[in-house]
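Asker: have a look at this prediction, sequence included:
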Amino acid sequence: MQNNSFQQWLEQSALSGGSQSYIEDLYENYLEDPDSIEVSWREVFNSLAKNTAVLYQPEQAHSPIRNYFRRLALEKSPKGVTVIDPKVGERLTNVLRLLNAYRYRGHLLADVDPINLREKPEVPTLDYRYYGLTEADLDEEFDLSDHVFNKEKMSLRELDDALKKTYCGKIGLEFMHINDLDARIWLQKRMEDWANNRHFSLPEQEKLLSELTAAEGLERYIGAKFPGAKRFSLEGSDAFVPLIKEIIRQGAKQGAKEIVFGMAHRGRLNMLVNVLGKKPAELFDEFAGKHQGNGTGDVKYHQGFSSDFMTDDGRVHLVLAFNPSHLEIVSPVVTGSVRARQKRLGDDDHRKVLSVTVHGDSALAGQGVVQETLNMSDARGYTVGGTIRIVINNRIGFTTSFPKDTRSTVYCTDIAKMIEAPIIHVNGDDPEAVAYAARMAVDYRALFKRDIFIDLVSYRRHGHNEADEPSATQPMMYKKIKAHPTPRQVYADRLINEAVINNEKATSFINNYRDALDRGECVVEEWREMSYDRVDWLKYLSQEWTSDYESRFDVQRFKALAHCVSQYPETHPIHSRVEKIYADRALMAKGEKLLDWGMGETMAYATLLDDGYHIRLSGEDCGRGTFFHRHAVLHCINDGTGYVPLCHLHDKQGHFEVWDSVLSEEAVLAFEYGYATTTPKTLTIWEAQFGDFANGAQVVIDQFISSGEQKWGRMCGLVLLLPHGYEGQGPEHSSARLERYLQLCAQHNMQVCIPSTPAQIYHLLRRQMLRSVRRPLVVISPKSLLRHPLAVSAMEELTDGTFQNVIGEIDELDPTQVKRVVFCSGKVYYDLLERRRQNKQTDVAIIRIEQLYPYPEDEVRSILAEYLHVKDYVWCQEEPLNQGAWYCSRHNFIQSIPEDASLRYVGRPASASPAAGYMALHNEQQQNLVTDALTL
Ligand code: AMP
C-alpha cells in the first residue's frame, strides 16, 4: 500500500501523468524492499518519508534523478514541491527509463555473435519511442549529471547512441539481476568505461594478435601433421587463449600467486601448449603413440599440467586439473583444490589463489552438477572467494545445436543467475572485448569475492572431433562457418585497417610460430621452470599398503587430550542429551568407562591434530553426525553459537574443520577429492548421511577416486565414511552398496574397510595419515554399533594397539573343538557373537575381516593356522547374495582356507532391492541367517 504523503507528492510533482504508474511500481518495490530499487530513487523515497518536500543533499547528489529533484527542491515552496515545467520532468523520466532499459536488456541486442547465428529478439523497450519520446525530442538536452558517460548534459540522440555503443556492442552484460547495489554500480561503470575509452596499447594489441596466431597455428599444425586424429580443436573459439592469458596477467595484478584451471577436452591441447608451456614435441610424441608414463594412463586431452608463468606483477603458479570426459565434474574438484591451497597459504581473503573453470554451453545448461557447484560457491565451508567461470559457447553439443533441444532458457548461462553472478557475453571475434571481459571479471572477483561468468560466444570450426562431419547435421551453420574468416584473420585485418600493423608483420607472426613448433620447444615466452615451494608428494610415491608406521600413542598425552575434547566452557550450556554424552566422554577420559565409537573417532582426530596434522570433515549433517554420535560442534542453548572442542587442544595443534555440507553428494565429494589430492597432510573426510547416498556421487567414485592414480598419477588420501547396516530401516537406509566399491578395487587402488570397534576406527583413521600411503579409504561405518554395549574399547587398545586387518576369535574357545569357522564383517558379527554366547556354543569360531581390500591374506592365514583341521567354512553377510562382499571377495576367502575345505555362503537370498521394507521380513531374514551360520 502506498501512503498518503507519497500520493500527494506524486500528484503535485512533475512526474504525474504518463510516468505515474512507473513511479508507483517503483514505490511499491521500495516499500517492500528499499534495496531493490535504484539508489537515486531510493534516496528520493527516503527523503520523502522524512519530509513531504524533497530535500536537497548536495554532498550525495550524483544521479540524474537526484539532480532533477535538486532542481525541484531548490524551487520548492515551504509546504511542498513546486514544479517549473511538468513536461520537462516527464520527458526526463522517460529518458531515464530508456537508460534503465538498456542496462536491463541491452545485452539482448548486443553484437556478440561472430557468425550471426543468433536471431536477435524484438526488444521494444530499447526504442525511445516506446516511452512516448519522438524524433522531435532527439536534440533536446537532458541533465543527466556527470555520472552517466561522464557528461553533465546529453541530448537524447547522444544518449541513445552512447547506450547502443555501451550495452549493445561486442560485450553484452547481464547484471541488473544482482541485488548488491555496489556490485551493480561497479559493473555499470566498467561497461560505460569500456565503450568510451581506449584500453589497449599498440604492444598489447600485437600481443593479442600473436596469441590468436598461436591458438590457430597449433591446431592447423596438428591437423596437418596428424590428419583425422582427435584433438578437439579450439578453432572458432581461438580467443580463449588470449582470454586465459589476460586472466593470468590481471590475476597477478590483483595478487594471485596460484591459479587452478578446470576444463573439458575442447581446446585443452591449446591450453597445454600455448598457456601452460607443455613442449609441443611431447605432445607430438603422444600423437605418434610414443609417449608412456606410469600407471595405465589417459588420453592426451584429459591430461593436467603444472607450470609457472611470469607476469609484470610477478610469477604465478598455474595448474590445469586432470579430468575425465564427464563434462562439468571437474569444477568442484578445482574449487576443492583451490580451497586447500588458500588454507595452506593462509590466504583468508582469497587473493592469492584464484580458481577458473571452463564450461561448454550445452553441458553448462544440461548437467546438474553445475547447480550443485554454484550452490556451494558462497557456502562457508566451500567458498574460495569467487570463481571465474568461462563458457566456450560454440552453440553446439556434439551434434545438437537447436536451442529448443539443448535447454529451456534464453541463454546457456541463465543458471548463473541463481547465485546472482554477473554474465559477460562477449564476441569471440573481438580479442580486445574478450581481454576487457577478462580484466573486468578478475577485478570483480577480487572486489566482491563472488563468481562471475564470461560467455565467450564463438563457434566450432570442425565437427565434435576431427573425424566427424558436422555438415551432415548442421548444414546451415557450417555453410556460415566455412565462409567466415578465422578470429586471427578478423583481428589481423582490423589492425591492418587501423594501421596498427602491416601485412608483413601479421604474416611474420604465423611463420615464427610455425618455426617454434618445428623446434618442439616451449612456445610460451612467459613460461618458467616451476620454482614454487610445493608440497612434497615424493615420499608417498610407490609405497606398499603394508608399510610400517608407529601406531602407539603416549598414554599421558592421550589422557590430557581426551580431557580436552570432553570439555566446554561453563558459559556455553548445551542440550541435556549432549551434556550426557560429554559427561560420559569425561569418564572415558579418566579411564572410568570404556570408550565408545564417538570417543574413539574423536580421539583419532585429537591425536592427529596434536601431531600437527590437519583434519577436514564435511558431509550432510556431519557436525552432529546423522546418528547423534559425534557432536563435534556443541550448540549453546542460549544463543545457538557453536563451540568445537577439537579446535581448543593447544596452540600448536593442526587445524580442525567440520562442515555441514550443502545437500549434495556429487559436487561435495568432488570438492573433497580436489582438497585431498592437494594436501597430503590433511585428513580429508567425506561422510555420507547414509552410505547409499553416495549413489549421487558415483561419477566421482568411478572417475576420480578409484582410478585417478592409475590414469594421472595423482595420489589421494580421501576417506569416505559410509554408514551401513541392516537394522530394518528399509531399502534406502541399510546398504552402503559395499559390492560397488569392491568391484572397483584392483592394483591396490584403494582400501575398503569395515571397522567393528571404537579402537578400530581410531586406528584406521590415524593410519590413513601416519602411514606414508595416500590412497582413498572407503569405510563402511556403522549405525547401531555407535551405541552397541559390546562395541566398546579399553583405552590401552587405542594407545597401545594398531589397526587389525583381521580380528580372530575373542572368546576363549578351544580351537581343537571348533568345527566351523565363520568369516564376517561389520555389525552382523555382534549378532553372531550374542547368539553363540546365548547358545553357549563352543564349536564355531568367528573371524572378522576388517579390511576387505587389499585383502590381508597373510594375516587371515596366520589366524586360520589354529583351525587347519576345520573343513567347514562359512562367509556370513547381512546383505543379499548378489550384494555385499560375497561375489567380489569370495576368491580371496577361498584362497585362505585349506584346499580340502569348503566355503559356503550364508546371508539373505538374492534381491533386487538392497533390503526389505517390512520390519517383520527383515527380522525373519536376520534370524535365519544368524541361525544358519551357527547351526552345524
Ligand atoms: P601443483 O601445485 O598441483 O601444481 O603440484 C605440484 C607438483 O606436485 C605436481 O606437478 C606433481 O608433481 C606433484 N603433485 C601434486 N599433487 C599431487 C598428487 N595428488 N599426487 C602426486 N603428486 C602430486
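Answerer: On my side now, so go ahead.
Asker: how far away is whichever residue of the stretch 351-500 of the chain sits closest to the ligand from residue 245?
Answerer: Residue of the stretch 351-500 of the chain nearest the ligand, by C-beta to the nearest ligand atom: residue 353 (10.1 Å). C-beta: built from backbone N, CA, C; applies to glycine. Relative to residue 245, residue 353 is positioned 18 Å away (C-beta to C-beta, to the nearest Å).
Asker: before we move on, the earlier item: pretty sure the residue of the stretch 351-500 of the chain closest to the ligand contacts residue 384?
Answerer: Yes: the criterion here is C-beta atoms under 8 Å, and residue 353 meets it with residue 384 at 7.3 Å.
Asker: mind listing the shared neighbours of the two?
Answerer: Common neighbours of residue 353 and residue 384, using C-beta atoms under 8 Å, 6 or more residues apart in numbering, are 338, 342.
Asker: which other helices and strands contact the helix ranked longest in the chain?
Answerer: Longest helix in the chain by number of residues, with DSSP state H as the criterion: helix 202-225. With contacts taken as 3 or more C-beta pairs under 8 Å, 6 or more residues apart in numbering; DSSP states H and E, helix 202-225 sits against helix 240-253, helix 268-274, helix 280-287, helix 431-448, helix 487-497, helix 503-519.
Asker: hmm, 7 Å instead?
Answerer: helix 240-253, helix 268-274, helix 431-448, helix 487-497, helix 503-519 (3 or more C-beta pairs under 7 Å, 6 or more residues apart in numbering; DSSP states H and E).
Asker: what lies in contact with it?
Answerer: Here helix 202-225 makes contact (C-beta atoms under 7 Å, 6 or more residues apart in numbering) with 231, 233-235, 238-239, 241-242, 245, 270, 273-274, 284, 287, 431-432, 435, 466, 486-488, 491-492, 495, 500-501, 506, 509-510, 513-514, 517, 523.
Asker: give me that answer again for 6 Å
Answerer: Outside helix 202-225, the residues within contact range by C-beta atoms under 6 Å, 6 or more residues apart in numbering are 231, 233-235, 238, 241-242, 245, 270, 273-274, 431, 486-488, 491, 500, 509-510, 513, 517.
Asker: now do the SS call for whichever residue of the chain sits closest to the ligand.
Answerer: Nearest residue of the chain to the ligand: residue 306, at 3.0 Å (C-beta to the nearest ligand atom). Residue 306 falls in the strand class when you classify it by DSSP: H, G, I helix; E, B strand; the rest coil.
Asker: so it touches residue 321, yeah?
Answerer: No: shown here, residue 306 and residue 321 do not form a contact pair, counting by C-beta atoms under 6 Å, at 9.9 Å.
Asker: comparing the two, which shows the higher neighbour count?
Answerer: residue 321 (25 against 15; other C-beta atoms under 10 Å).
Asker: alongside the ligand, which residues does the stretch 601-750 of the chain contribute?
Answerer: 677, 713-716 (C-beta under 6 Å from any ligand atom).
Asker: from those residues, which land in helices?
Answerer: Per DSSP H, these never map to helices.
Asker: which of those residues has the most neighbours?
Answerer: Highest count within these by other C-beta under 10 Å belongs to residue 677, 28 neighbours.
Asker: return the residues of the chain in contact with the ligand.
Answerer: Residues of the chain lying near the ligand (C-beta under 6 Å from any ligand atom): 306, 319, 534, 537, 677, 713-716.
Asker: okay, who's weakest in those residues by pLDDT?
Answerer: pLDDT across the residues of the chain next to the ligand is lowest for residue 534, at 74.
Asker: what number of residues lie near that residue?
Answerer: 9.
Asker: SS state for it?
Answerer: Strictly by three-state DSSP, residue 534 counts as coil.
Asker: try residue 322
Answerer: Strictly by three-state DSSP, residue 322 counts as coil.
Asker: residue contacts, it?
Answerer: Per C-beta under 6 Å, 6+ apart, neighbours of residue 322: 304, 712.
Asker: what of residue 375?
Answerer: Taking C-beta under 6 Å, 6+ apart as the test, what residue 375 contacts is residue 662.
Asker: ok, residue 353 and residue 245, which is more surrounded?
Answerer: residue 353 (26 against 22).
Asker: pretty sure that one contacts residue 258?
Answerer: Yes: assessed by C-beta under 6 Å, residue 353 is found in contact with residue 258 at 4.6 Å.
Asker: what do the two both touch?
Answerer: Residues touching both residue 353 and residue 258 (C-beta under 6 Å, 6+ apart): residue 341.
Asker: which of the contacts of helix 202-225 are buried?
Answerer: 231, 233-235, 238, 241-242, 245, 270, 273-274, 431, 486-488, 491, 500, 509-510, 513, 517 (16 or more other C-beta atoms under 10 Å).
Asker: pLDDT weak spots in the stretch 451-600 of the chain?
Answerer: Applying pLDDT under 70 to the stretch 451-600 of the chain picks out residues 532-533.
Asker: before we move on, what about the chain?
Answerer: Looking along the chain with the criterion set at pLDDT under 70, you get 1-25, 27-28, 30-33, 46-88, 145-147, 532-533.
Asker: nearest residue to the middle of it?
Answerer: Centroid check for the chain by C-alpha atoms, centre = their mean gives residue 332 as the closest residue, at 2.1 Å.
Asker: give me the phi and psi for that residue.
Answerer: Dihedral angles of residue 332 (phi, psi; degrees, to the nearest 10) stand at phi -70, psi -30.
Asker: in this structure it contacts residue 672, no?
Answerer: No: Residue 332 is beyond contact range of residue 672, at 8.9 Å (criterion: C-beta under 6 Å).
Asker: now do the strands in the stretch 751-900 of the chain.
Answerer: With DSSP state E, counting those that start in this stretch as the criterion, the stretch 751-900 of the chain has strands at 751-753, 777-781, 806-807, 820-824, 844-849, 851-853, 872-880.
Asker: where along the stretch 801-936 of the chain do the helices fall?
Answerer: With helices called from DSSP state H, counting those that start in this stretch, the stretch 801-936 of the chain shows them at 828-839, 857-864, 886-896, 919-934.
Asker: which among the ones you listed is found nearest to residue 396?
Answerer: helix 886-896 (41.5 Å; C-beta to C-beta).
Asker: what's the helix or strand for the closest residue in space to residue 269 that isn't next to it in sequence?
Answerer: What sits nearest to residue 269 in space, not counting adjacent residues and going by C-beta to C-beta, 6 or more residues apart in numbering, is residue 231, at 5.5 Å. Using DSSP states H and E, residue 231 sits in no helix or strand.
Asker: next, residue 231: phi, psi?
Answerer: For residue 231, the backbone dihedrals (degrees, to the nearest 10) come out as phi -140, psi -10.
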